[in-house]
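Student: Sequence plus predicted model, see below.
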Amino acid sequence: MTDTSVFRAGLLDGQVALVTGGGTGIGFGIAELLAALGAHVVLASRKPEHLDAAATKLREAGGSASTVAVDVRDPERVKAMVEQVQHERGRIDLLVNNAAGNFYAPSEALTPNAWKSVVEIDLYGTFFCSQAVLPVMKAQGGGRIVSISMTLHYRGWPQMAHATAAKAGVDALTRTLAVEWAPYGVRVNAIAPGPIPTEGVRKAFTPPADSGIPDVFAAADAAMARYAQKSIPLQRWGTPRDIANTVAFLASPAGDWITGAILVVDGGEWLSKAGA
Ligand code: NAP
């Protein structure tokens, strides 16, 4: 049972939320909370095995959920996804651009394909999905877009040129679309999570053996706890729920006057490393 006690029951009743990458990790945590607060949640990503299992869990918990297969790199598939949701649900109140890809790769050897793939998922995907939902949100008098960014580009992160460049683009896009689409009542914000040990991030952040980059996620639980105490001012790793709470806040009336914001939700991690 998802604990919703920090929010009013039924806070998002009647809303339709589209969450890309909603079948796993942080995206699933966001979907779980939105569904528990009364929204119908549409989970969108490439793999049916992610989507079906996640939608079943949401329904078993009493939520309302459906799925749509999409590769966010493909603008035609993205348009078809939005048409399907519009056809089935009649509206889209919230888009969460959460789908992303990432892996360590030294920039000097990064292949054009590897660069393209990550930039296309993280940045192009965010733009294609945002652009595709705009007509629906405009027609219904407004809506909310929340993109999941990161903090690694604030200080640079070795061997992640592709992802840091893409997420810096997501931040720029957030501010520009916020100003451009405010007259339509569409609020556009981003959340920059700190380290959250999802399955996906554990895979992405396994550095090459000879890179000298610490493999923090491979450490045993006790070592992970020590890392958090030393490196995260609030002394714990993040959870998908930390990010979900911020999405629900932005989706609620509390977010009415917030647009173009990039909310860092990281226990103070990046600030503590900024001068290191
Ligand atoms: P994750 O579980 O690997 O999530 C990535 C999701 O994106 C998956 O559900 C995947 O589903 C989907 N996806 C990948 N490529 C796609 C494509 N081409 N089209 C549609 N969907 C696609 O990892 P996560 O840790 O939860 O990350 C979620 C978000 O948080 C990402 O934006 C990530 O950059 C951000 N973030 C995470 C952390 C962290 O520490 N975990 C920190 C900062 C930012 P399919 O495989 O089914 O397509």
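Tutor: The structure has been received and is ready for your questions.

Student: Pull up the residues of the stretch 1-150 of the chain that are close to the ligand.
Tutor: Contact residues (CB under 6 Å from any ligand atom) of the stretch 1-150 of the chain with the ligand: 20-21, 23-27, 45-47, 50, 70-73, 98-102, 121, 148, 150. Yep, even glycine has a C-beta here, placed from its N, CA and C like the rest.

Student: go with 5 Å
Tutor: 21, 23-26, 45-47, 50, 71-72, 98-101, 121, 148, 150 (CB under 5 Å from any ligand atom).

Student: Can you name the next helix or strand after the longest helix seen in the chain?
Tutor: Counting by DSSP state H, the longest helix found in the chain is helix 161-181. Where DSSP states H and E defines the elements, the next helix or strand beyond helix 161-181 is strand 186-193.

Student: strand partners of that next one, parallel vs antiparallel please.
Tutor: strand 143-148 (parallel), strand 262-265 (parallel) (DSSP bridges).

Student: and the shortest one, is it in reach of the ligand?
Tutor: No: counting by CB under 5 Å from any ligand atom, the ligand has no neighbours in strand 262-265; the shortest distance is 9.3 Å.

Student: residues contacting the residue nearest the centre of the chain?
Tutor: For the chain, residue 98 is the residue whose C-alpha lies nearest the centre (CA atoms, centre = their mean; 2.6 Å). Contact analysis of residue 98 by CB atoms under 8 Å, 6 or more residues apart in numbering lists 19, 20, 21, 22, 26, 27, 30, 147, 148.

Student: element containing the fifth one, please.
Tutor: Here residue 26, judged by DSSP H and E, is contained in helix 25-36.

Student: In the stretch 151-276 of the chain, where is pLDDT below threshold?
Tutor: 216, 218-220, 274-276 (pLDDT under 70).

Student: and it, which residues reach the ligand?
Tutor: 193, 195, 196, 198, 200, 201.

Student: So what's the residue count around the fourth one?
Tutor: Using other CB atoms under 10 Å, residue 198 has 20 neighbouring residues.

Student: excluding its backbone neighbours, what's nearest it?
Tutor: Using CB to CB, 6 or more residues apart in numbering and skipping the chain neighbours, the partner closest in space to residue 198 is residue 25 (3.4 Å).

Student: what's the answer for the third one, then?
Tutor: The spatially closest residue to residue 196, leaving aside those adjacent along the chain, is residue 238, at 4.0 Å (CB to CB, 6+ apart).

Student: Now do the helices in the stretch 1-150 of the chain.
Tutor: Counting by DSSP state H, counting those that start in this stretch, the stretch 1-150 of the chain has these helices, from start to end: 25-36, 48-60, 75-89, 112-119, 125-140.

Student: And the average pLDDT for the first one is what?
Tutor: The pLDDT scores in helix 25-36 average 98.

Student: contacting residues around residue 234?
Tutor: With contact set as CB under 8 Å, 6+ apart, residue 234 has these partners: 267, 268.

Student: And the residue in the stretch 51-200 of the chain that the ligand sits nearest to, how far from residue 102?
Tutor: When scored by CB to the nearest ligand atom, the stretch 51-200 of the chain has residue 200 as its residue closest to the ligand, at 2.0 Å. Distance, residue 200 to residue 102, by CB to CB, to the nearest Å: 8 Å.

Student: can you pull the contacts of residue 250?
Tutor: Per CB under 8 Å, 6+ apart, neighbours of residue 250: 144, 146, 187, 189, 191, 258, 263.
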